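[1] Provide a 3D model corresponding to the input given below.
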Amino acid sequence: MEKSKLYLILLVVLSLGVSSQQITDSQRLFTIAVSRVQHLHILAQRYFGNFESSLGPDEKRQLNKIFLQDFCNSDYIISPIDKHETQRSSVLELLLVSYRLVESWEVPSRSLAALSRDQISGKLTELKTGLQLLIRTNQEAAFVEGGVALGRFEDYDQRPDQNLRRNYELLACFRKDMHKVETYLTVAMCRLSPEANCTL
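    This is a model prediction of the structure:
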């Protein structure tokens, strides 16, 4: 009887050790992913701010008006529409939508090379790889199908002086999407700590 109790206790301890190790690995991956997307979001804000400050008041007003009526490439991707829907989404759902948002920038990010010195495509690829690992740890035999390569900016002309509206749209959408991914990953990471307050 004593041996069976000891065996049971040992099994519980071992299983706790495995699950805590998985949580630690997952937390580490989340920390890296959140740090990377925060860096991308900061860059996106900087690019947009620099570009906007180079515009005249009339240009800025007109572009703001156009952008409010326009939409981004990623608006085709189904994602939480507000903070309540984000809170209700599972960790896996938040990871998958983050992956799709990052993936949707594979083609347009090449156009950002004309507007920045940073290796945005490489940074996005690193983030995408990290998201794939997180998805695998949150879903057995996870397989991220297809891609959302909608390529709205594929024919983007890289001469900024001839593409004022497109530059503005590209930078505004990049900033918007990196903010979304940062929010989704921060909420998902928070879920790993049940005692944490994950309200937005």
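[2] Can you list the residue ranges for helices in the chain?
    Along the chain, counting by DSSP state H, helices occupy 2-53, 57-69, 83-88, 91-103, 108-112, 120-138, 164-190.
[3] Any idea which of the ones you listed gets closest to residue 75?
    Of all the helices of the chain, it is helix 164-190 that lies closest to residue 75, at 8.7 Å by Cβ to Cβ. Every C-beta, even on glycine, is put in place using the N, C-alpha and C of the backbone.
[4] how far off helix 91-103 does that closest one point, in degrees?
    Angle between the axes of helix 164-190 and helix 91-103 is 160 degrees (criterion: axes from the mean of the first three to the mean of the last three Cα atoms, to 10 degrees).
[5] Would you mark the buried spots in helix 164-190?
    166-178, 180-190 (16 or more other Cβ atoms under 10 Å).
[6] nearest spatial neighbour of residue 121, skipping sequence neighbours?
    The shortest distance from residue 121 to any non-neighbouring residue, by Cβ to Cβ, 6 or more residues apart in numbering, is to residue 109 (4.6 Å).
[7] Quick check: that neighbour vs residue 163, distance?
    16 Å (Cβ to Cβ, to the nearest Å).
[8] Just give the number of residues close to residue 129.
    Per other Cβ atoms under 10 Å, the neighbour tally for residue 129 reads 12.
[9] Next up, the contacts around the closest residue to residue 33 other than its chain neighbours.
    Take residue 33 and drop its neighbours on the chain: the residue closest to it by Cβ to Cβ, 6+ apart is residue 130, 4.5 Å away. By Cβ atoms under 8 Å, 6 or more residues apart in numbering, the residues touching residue 130 are 29, 32-33, 36.
[10] got it, and residue 192?
    23, 26-27, 30, 91.
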